[in-house]
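Asks: Here is the input, now give the coordinates:
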Amino acid sequence: DRTVIERDYSNNEATNALYIAGADSTPPIIGNLQPPTDSVTRHSQPLIRADLSDASSGVNPTSVAISVDGINVTANATVTGSQVSYTPLAALANGRHSVTVYAADNLGNGASANWSFIVNSSPEITNPQPPHMSITSDTTPLISADLTDVDRGIKISSVTLSFDGINVTAGANVTSSRVWYLPTIPLAETTHSVAVYAEDNAGNSASTNWSFTIAIPPLISNTRTTGVSSTTAIISWDTDKASDSLVMFGTSPGSYIYQKSDDRMVLSHIIQLAGLTPGATHYYKVRSTDPIGAFSESEQYSFTTKSLVSIAVTPANPTILRSLKQQFVASGINSDNTTDNLTSAVIWTSSNTSVATVSAAGLATSLAAGATNIIATLGVISGNTTLTVTQAATVEVNSGNTITLNTGGSINATTSSGIAVAVKGLPNLGAPV
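Replies: The predicted model follows:
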């Protein structure tokens, strides 16, 4: 491009831009499309607009054209060198609509833009109350929904509200922005359904459905703690309706990091806690939930487990034959001189696993002749006893002799010379063979 200065005979000057054909081949830019591509507008006569720009020769307004749904509406549009806008003269139908805008610069370079948007001018029904799928204990809840139509307004006479399949509009309140209904009698404990229908003043309609549940939480009473030992306690409570059982507990107030539950629906609840810390204060709450999902939670309670002084392992220093088993019992002696069975609470170990091993339940299995300490430990307290394993007895029967295995752990043998031999005190050998 060049600048041309012109002077007349009186020496007056005029400056004009001179564009050389072929020097500018860049078309105008068409942007800021409104309504935005693929957007949804609630207006049936939305403002349709596009910005136009050309940095070189500028946009030629006479070149601009706009079409909506394939129809040229330029004659009813507003066109400048920087924008084209159009408001539909009639309401657009609900659905998708297409727009095409064309513009050229002053050198004839042209560009076009195509986009579409969606019109949904139907009423909006929002904010259902009680919320969808919610649970409330209020047996006469306010049932309501908000109504909106930014284009034509709500036709109040069209609004209906149905509750559990029954039209209750006659007993409801309706405005251009809301419908609400208050039940006159308490509702049953079950799930209830609501349906709302509304039209705007142009006849566009909308409807929505939702449900909520009435559930009165169980009433918790008579919460109590019994059977407290060094590691166990029994928590009990009652409810006025069948519900499950949950105890949340821990050793710090308000911090319940452990749980024990029972899914059975009962009126009297019992949960036995085990594995507790000896000599510690434990804090707990109980919770019961009915089959519908309504629940109640108690206040915080506490109890203190007994302090463990020592552990005794019995039987003391037993002797068994190789390959036999021996059950041990761990008894905890508390500071108040009471005794607790800790067999399932302690950690069992054997000092010589080549002689015997011991299970988590305190059952020792002998493997070889020798001795081993069977140790029961809980926290920092432990007790032990010695298990001695001896070689099993053997009976040799030569050819011509007879042997009988008896139920109860004994052997009768008869030699070929008629001498009878009895061996007793052996483990149960099962049925005779």
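Asks: In the stretch 201-350 of the chain, what residue spans correspond to strands?
Replies: Taking DSSP state E, counting those that start in this stretch as the test, the strands found in the stretch 201-350 of the chain are 205-214, 220-226, 233-250, 258-273, 281-289, 295-297, 301-304, 308-314, 319-321, 325-327, 329-334, 339-341, 347-350.
Asks: Columns mean neighbour count, distance to residue 150 and mean pLDDT on top of the ones you listed, output as CSV?
Replies: Where C-beta positions appear, they are placed from N, C-alpha and C, glycine not excepted. Formatted as CSV, these follow (neighbours: other Cβ atoms under 10 Å; distance: least, Cβ to Cβ, whole Å; pLDDT from 0 to 100):
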stretch, mean neighbour count, distance to residue 150, mean pLDDT
strand 205-214, 17, 13, 96
strand 220-226, 14, 49, 98
strand 233-250, 20, 47, 98
strand 258-273, 14, 50, 98
strand 281-289, 20, 44, 98
strand 295-297, 17, 42, 96
strand 301-304, 15, 56, 98
strand 308-314, 18, 73, 96
strand 319-321, 15, 90, 96
strand 325-327, 15, 81, 97
strand 329-334, 20, 75, 96
strand 339-341, 15, 73, 94
strand 347-350, 17, 71, 98
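Asks: Mind putting these into a markdown table with distance to residue 196?
Replies: Converted to a markdown table, these look like this (distance: least, Cβ to Cβ, whole Å):
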| stretch | distance to residue 196 |
| --- | --- |
| strand 205-214 | 6 |
| strand 220-226 | 37 |
| strand 233-250 | 32 |
| strand 258-273 | 35 |
| strand 281-289 | 31 |
| strand 295-297 | 30 |
| strand 301-304 | 46 |
| strand 308-314 | 65 |
| strand 319-321 | 80 |
| strand 325-327 | 70 |
| strand 329-334 | 66 |
| strand 339-341 | 63 |
| strand 347-350 | 64 |
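Asks: which non-adjacent residue is nearest residue 319?
Replies: residue 388 (4.3 Å; Cβ to Cβ, 6 or more residues apart in numbering).
Asks: quick one: the one you found and residue 371 touch, right?
Replies: Yes: at 4.9 Å, residue 388 counts as touching residue 371 under the criterion of Cβ atoms under 8 Å.
Asks: hmm, back to that, angles on the backbone of the residue nearest to residue 319, please.
Replies: phi -110, psi 130 (degrees, to the nearest 10).
Asks: who's in contact with residue 301?
Replies: Residue 301 is in contact with 223, 225, 283, 284, 285, counting by Cβ atoms under 8 Å, 6 or more residues apart in numbering.
Asks: And stretch 67-79, what's buried?
Replies: For stretch 67-79, burial by neighbour count (16 or more other Cβ atoms under 10 Å) applies to 67, 68, 73, 77, 79.
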